[in-house]
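Asker: quick check, what structure comes out for this input:
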Amino acid sequence: MAETLPYYSNLLMVGGTSKKSGKTSAIRNIISHFSEDSVVAVKAILFDNDEHFYTHYPEAVGTDYFAINEQEAIDKDSGRYLKSGAHQAWFLAATTSGESKLFRQIDALCKEGNPVILESNVLRKFVRPAVFIMLVNPERRIKPSAKAMQDKIDLHLNSTNEDIEQISSHLKIENHQWKLIRKIQT
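Answerer: Numbers count the residues shown, from 1 in each chain. From the prediction side, this is the model:
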């Protein structure tokens, strides 16, 4: 049965089986390789627990959605995306009650037409990207959001070897659309 989720041919999603799986490094490698294509990079986090959301982002108290359009290459993942050559870099966070706002922002960014890279596992349940890559850290336990997406992954890459450095060799952009050109499994 075909998925009925919104499809974006200009969306590449990168997830990881655990924290410290190399997602940011992989995305920075991709951005650097495709910087002439005006790539938009987004890090998105959904929180099941409002208290955890407000603990991490006290400036968001009283709302269920938080968005930053990075303007400087600061020492955060989204700032590192700019440093690697991203045309735009965003950080988005929301509670479950704010996930529709987060999704609308991603939808708007995709509809602008530039190639978009989205760092997230859980958002795969709301959207169908052109390519979904999962970085696997065999030294860490697989988190539930990664397990839940196993049947939706286009490419598994090992995060502890040269796969991260070679990640761009698996991809190309044609007419602002992401294409998977080489598939390996780890």
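Asker: buried set for stretch 100-120?
Answerer: 101-103, 105-106, 109-110, 114-120 (16 or more other Cβ atoms under 10 Å). C-betas here are computed from N, CA, C, even on glycine.
Asker: narrow those to those in strands?
Answerer: Members of those lying in strands (criterion: DSSP state E): 116-119.
Asker: tell me which helix or strand in this structure has the weakest average pLDDT.
Answerer: Using mean pLDDT, DSSP states H and E, helix 163-166 stands out as the lowest-scoring helix or strand of the chain, at a mean of 77.
Asker: which neighbouring elements make contact with it?
Answerer: Applying 3 or more Cβ pairs under 8 Å, 6 or more residues apart in numbering; DSSP states H and E, one finds that helix 163-166 contacts helix 23-33.
Asker: now for the helix it packs on, which elements pack on it?
Answerer: strand 7-16, strand 40-47, helix 77-83, strand 116-119, strand 128-136, helix 163-166.
Asker: distance check, Ala94 against Leu46.
Answerer: Per Cβ to Cβ, to the nearest Å, Ala94 is found 6 Å from Leu46.
Asker: overlap of the contact sets of those two?
Answerer: Contact with both Ala94 and Leu46 is made by residues Leu102, according to Cβ atoms under 8 Å, 6 or more residues apart in numbering.
Asker: neighbour-wise, which of the two wins?
Answerer: Each of Ala94 and Leu46 has its neighbours counted (other Cβ atoms under 10 Å); Ala94 has more, 24 against 21.
Asker: quick revisit: for the helices and strands packed on helix 23-33, give me JSON lines that also has distance to Ile30.
Answerer: Shown next, in JSON lines, are these (distance: least, Cβ to Cβ, whole Å):
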{"stretch": "strand 7-16", "distance to Ile30": "7"}
{"stretch": "strand 40-47", "distance to Ile30": "9"}
{"stretch": "helix 77-83", "distance to Ile30": "10"}
{"stretch": "strand 116-119", "distance to Ile30": "6"}
{"stretch": "strand 128-136", "distance to Ile30": "9"}
{"stretch": "helix 163-166", "distance to Ile30": "10"}
